[in-house]
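Participant: what follows is a predicted structure for the sequence shown.
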Amino acid sequence: MKFDLKRRKKVQFYSYLAIISMVALLLLSSVALSDQLKIGKVDTSDFPEVSVTFNLLNKDQLIDRKAITLRENEADINDYKLKYLSEEAEPSSVILIIDSSGSMTGLPLESAKEAAAVFISQMSDMDRVSIISFNSNPIVVSNFSSDKESLKQSLSLIKAAGSTSVNDAVSMGLAIISKEKTNQKNIILLSDGADTASKITENVMLTQVTNSNVPIFSVALQ
């Protein structure tokens, strides 16, 4: 999972972009790196050029071409470029999904709003953020915007009441963020409990998450 380029450093994620002129590919790491690698996105929009964005979770573990093997149909691929994304600015699209169920009344919801406001304040001017709140049903509180003050003001619209529809909220977030044109897409989920009201099941939601290649950061609130 990953944040935008600036915030990624704060959570100790390092990203690279491998670009190859192939359709099907398999990115493999060494055994030592296998549990540290997270593929974020496979982009075929510029076919026959294919882009793969991935993260290395260990901040102290930097890699080069020798640590990567790209294969198609068991054949090694050597014609590709490797780029360290943190060396260049790139816009990011982030959806903040905030639990506003009845159990969030008081300090939990205020803490979630404060955390969201801090995140918005620290976003770069080129980043785009959308806000979804959910209780018995999810609702879009703010469409994608780079206006920090407007985004923070929209947080005041979130009130605690009702049940918890986590699955529906995540599903909505994935559908919305899939329309963004940025390479860096992330969802941050702030919630204090399990789903109690969604129309879709957890298995369906998890399948959508897997198919989307959108990293989701879940923050448990108490």
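Facilitator: Nice, I can see it. Numbers count the residues shown, from 1 in each chain.

Participant: residues contacting residue 199?
Facilitator: Going by C-beta atoms under 8 Å, 6 or more residues apart in numbering, residue 199 touches 165, 167-168. No exception for glycine: its C-beta is placed from N, CA and C like everyone else's.

Participant: what do you get if the cut-off is 7 Å, keeping everything else the same?
Facilitator: Contacts for residue 199 (C-beta atoms under 7 Å, 6 or more residues apart in numbering) come out as residue 168.

Participant: how about residue 132, what does it touch?
Facilitator: With C-beta under 7 Å, 6+ apart, residue 132 has these contacts: 95, 97, 138-141, 169, 172-173.

Participant: could you look up the SS state of it?
Facilitator: The three-state assignment at residue 132 reads strand, by DSSP: H, G, I helix; E, B strand; the rest coil.

Participant: one step back: PyMOL command for the buried members of the contacts of residue 132?
Facilitator: The following PyMOL line selects those of the contacts of residue 132 that are buried, judged by 16 or more other C-beta atoms under 10 Å:
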select buried, resi 95+97+138+141+169+172+173
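
Participant: can you pick out the most distant pair from the contacts of residue 132?
Facilitator: 95 and 139 (12.8 Å; C-beta to C-beta).

Participant: point out where the protein drops to low pLDDT.
Facilitator: Scanning the chain for pLDDT under 70 picks out 1-48, 54-67, 72-73, 85-89, 222.

Participant: who does the helix ranked longest in it touch, helix- and strand-wise?
Facilitator: Criterion DSSP state H: the longest helix present in the chain is helix 107-122. Contacts defined by 3 or more C-beta pairs under 7 Å, 6 or more residues apart in numbering; DSSP states H and E place helix 107-122 against strand 92-99, helix 148-154.
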